[in-house]
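Colleague: Need a 3D model of the sequence below.
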Amino acid sequence: MGDIRSGAQVDELHNMPLSSSAEVHSAESGVPPRTSQGVSRWDVALAAGMLVGTLLSTVLTRIAGIYDEPADSVVTLLWAAGITLPLLYRRQQPLAVVIVISAVFVVGATLHVPEVTFCNIALFIALYSVGVWEERRRVATITRIAIIIVMFVWLSISIFQTTTDPDALSGLSRVGAFSPLLAYLVIQFMTNVLYFGGAYYFGERAYRSRVQQHALHERSVELVRERELLAAQAVTIERLRIARELHDVVAHHVSIMGVQAAAARTVLTTDPPAAAEALRAVESGSRNAIDEMHRLLGTLRDADSRETDSAASSTLGIHSLDELIELNRAAGLPTRFEQLGEPRPVSVSTSVTLYRVTQEALTNARKHAGPTGEADVRLRWSASSVEIEIGNSGRAPSTRPSTGLGLIGMAERVKAVGGTLELRPRSRGGFLVRAELPVHTDAAEVRA
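Modeller: Presented below is the predicted three-dimensional model:
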């Protein structure tokens, strides 16, 4: 900071450059938290270094004899502590620190404390710290501007006193339109402008950098959370897919095997050939179930399989509906099949979904329709969609507790291919399942 000397006495003009911008970036809603709740070890080192430097500077300045009547040693020691030690809390209480240091700064200049270097550095750091660490941005702006204005008023008064005092700075000539004295005073003013402007500007830049780093940190944390969530969702989806496949394979074949085994037991003594035929159906059903289980397990072991619901490796689809319906008839449930409209190529996943929905609906019909029940399966084609409708007559569905896993799996399958599913009791008895799926053909793989 520059100083103005009055004869042998020196009236210090401690520069305080005013920032060129009075507006501060307002980030009240995204203010980053302070990095430390306690005193930082770096701030301890800073305050200690500043205190040692200030004391050394006062000794050297006193030896240099810049002041005719400098403040005594006790006042100087207390002043040195007051101008440096508050920097310990510049991150926790930046507003209080800058006010204390500003007040001590003025007191030191008034009492002629022999120090003109480290006090300016301490004030610069205090102003800078308010810009960086004060979370209330409006308060930070108002406080810094107020301090800068006070300092410039003080500077202006000192300049006025110097220019009107014939004994002040007697070593500088006052002659000429732009005298050496005027040049000196202009240099002092410019130095203070740069000093305070730098403290304000760099404080704002550091704060904005904190805001950006905080935002990047929050985004990184959010990305980690999303990645973990996606991983958990992927595991859950895979578990549900396996559960659907196991349910469809086991429920369908085991229910048919159960019906055939019961029929064989009923006619075992009265009609051995019929019992043998029923047991052959049980044997065939068990083999079919094992084959499908092998296909499912093979797909699960294949790390490159990307088709949902094992569609790529499955041999089941719309073309298998006739066989499915024949098995259902053989299991004792009369079933009619009707296809309306012009068949169109569909994706493998859509074809498998149509098959699995029909399979589950017919399995439920065998469980609940009763001995007089019948089933109707209708496959309808349109320009943009394909619809499968499975209705059964007979008694209403059982009111016994049920897991409902089949219906849940059915809904998940239909939703996965972008379709809609309707499940409801029929007014004349029985139950209705209707699924409508869009006809989206995959370029890579299509099944008629």
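
Colleague: And the residue nearest to the spatial centre of the chain, what's its pLDDT?
Modeller: Note on the chain: the residue nearest the mean C-alpha position is Glu222, at 2.5 Å, using Cα atoms, centre = their mean. For Glu222, the pLDDT comes out at 88.

Colleague: Number the residues from 51 up from this point.
Modeller: Okay, residue one is now 51; in that scheme the one you just asked about reads as Glu272.

Colleague: Am I right that it is in a helix?
Modeller: Yes. The assignment for Glu272 (DSSP: H, G, I helix; E, B strand; the rest coil) places it in a helix.

Colleague: What segments of this structure are helices?
Modeller: If DSSP state H is used as the criterion, the helices of the chain fall at 91-114, 123-134, 144-160, 168-183, 187-214, 230-317, 322-351, 371-380, 398-418, 455-466.

Colleague: CSV please, covering those helices and showing distance to Ser434.
Modeller: Where you see a C-beta, it was placed from the backbone N, CA and C, and this is true even at glycine. CSV is the format used below for the helices of the chain (distance: least, Cβ to Cβ, whole Å):
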stretch, distance to Ser434
helix 91-114, 68
helix 123-134, 79
helix 144-160, 66
helix 168-183, 61
helix 187-214, 57
helix 230-317, 26
helix 322-351, 30
helix 371-380, 21
helix 398-418, 12
helix 455-466, 16
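
Colleague: of those, which approaches Ser435 most closely?
Modeller: helix 398-418 (9.8 Å; Cβ to Cβ).

Colleague: State the mean pLDDT of the closest one.
Modeller: 85.

Colleague: Relative to Val483, which of the helices of the chain is closest?
Modeller: Short answer: helix 398-418, nearest of these by Cβ to Cβ, at 4.1 Å.

Colleague: angle of that closest one against helix 230-317?
Modeller: With axes from the mean of the first three to the mean of the last three Cα atoms, to 10 degrees applied, the angle from helix 398-418 to helix 230-317 works out at 50 degrees.

Colleague: least reliable of the helices of the chain going by mean pLDDT?
Modeller: Minimum mean pLDDT among the helices of the chain: helix 322-351, a mean of 75.

Colleague: neighbours of Ser397, just the number please.
Modeller: 22 (other Cβ atoms under 10 Å).

Colleague: Please name the bridge partners of it.
Modeller: Judged by DSSP bridges, the bridge partners of Ser397 are Val496.

Colleague: what about it, distance to Gln142?
Modeller: 63 Å (Cβ to Cβ, to the nearest Å).

Colleague: What of Ala281?
Modeller: Taken as Cβ to Cβ, the span from Ala281 to Gln142 is 39 Å.

Colleague: ok, Ile171 - how many residues close by?
Modeller: There are 17 residues near Ile171, going by other Cβ under 10 Å.

Colleague: OK, contacts around it?
Modeller: Met100 (Cβ atoms under 8 Å, 6 or more residues apart in numbering).

Colleague: Check the gap between it and Ala97 for me.
Modeller: In terms of Cβ to Cβ, Ile171 sits 12 Å off from Ala97.

Colleague: Next, count neighbours for Leu177.
Modeller: Counted with other Cβ under 10 Å, Leu177 comes out at 30.

Colleague: mind checking how far the closest residue to it other than its chain neighbours is from Gly115?
Modeller: Spatial nearest neighbour of Leu177, excluding adjacent residues (Cβ to Cβ, 6 or more residues apart in numbering): Ala249 at 3.8 Å. Using Cβ to Cβ, Ala249 is found at 31 Å from Gly115.

Colleague: and if you look at Arg91?
Modeller: 38 Å.

Colleague: now do Ala172
Modeller: 24 Å.

Colleague: which one of the two has more residues nearby?
Modeller: A side-by-side neighbour count of Ala172 and Gly115, using other Cβ under 10 Å, places Ala172 first with 29 against 10.

Colleague: Surely the more buried one and Leu138 touch.
Modeller: No. Judged on Cβ atoms under 8 Å, Ala172 makes no contact with Leu138 at a distance of 11.8 Å.

Colleague: list residues touching both of those two?
Modeller: What both Ala172 and Leu138 touch, as defined by Cβ under 8 Å, 6+ apart, is an empty set.

Colleague: Return the distance of stretch 406-413 from the chain's centre.
Modeller: In terms of Cα atoms, centre = their mean, to the nearest Å, the centre of stretch 406-413 is set 42 Å apart from its chain centre.

Colleague: Can I get it as PDB, trimmed to CA atoms?
Modeller: Listed in PDB are the C-alpha atoms of stretch 406-413, where the atom choice follows Å, rounded to 0.1, in the frame of the first residue of the first chain:
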ATOM      1  CA  ARG A 406     -47.100 -67.300 -23.100                       C
ATOM      2  CA  VAL A 407     -50.300 -65.300 -22.500                       C
ATOM      3  CA  THR A 408     -52.300 -68.000 -24.100                       C
ATOM      4  CA  GLN A 409     -50.500 -70.700 -22.200                       C
ATOM      5  CA  GLU A 410     -51.100 -69.000 -18.900                       C
ATOM      6  CA  ALA A 411     -54.700 -68.200 -19.600                       C
ATOM      7  CA  LEU A 412     -55.500 -71.900 -20.600                       C
ATOM      8  CA  THR A 413     -53.600 -73.200 -17.500                       C
END
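
Colleague: Now do it: everything it contacts.
Modeller: Applying Cβ under 8 Å, 6+ apart, the contact partners of stretch 406-413 are 294, 298, 301-302, 305, 359, 366, 371, 374-375, 378, 383, 385, 425, 427, 438, 440, 442, 456-457, 459-460, 463-464, 471, 483, 485.

Colleague: That stretch: which residues count as buried?
Modeller: By 16 or more other Cβ atoms under 10 Å, the buried positions in stretch 406-413 come out as Arg406, Val407, Thr408, Gln409, Glu410, Ala411, Leu412, Thr413.

Colleague: possible to save these as JSON lines with distance to Val156?
Modeller: Shown next, in JSON lines, are the buried residues of stretch 406-413 (distance: Cβ to Cβ, whole Å):
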{"residue": "Arg406", "distance to Val156": "85"}
{"residue": "Val407", "distance to Val156": "85"}
{"residue": "Thr408", "distance to Val156": "90"}
{"residue": "Gln409", "distance to Val156": "89"}
{"residue": "Glu410", "distance to Val156": "86"}
{"residue": "Ala411", "distance to Val156": "89"}
{"residue": "Leu412", "distance to Val156": "93"}
{"residue": "Thr413", "distance to Val156": "91"}
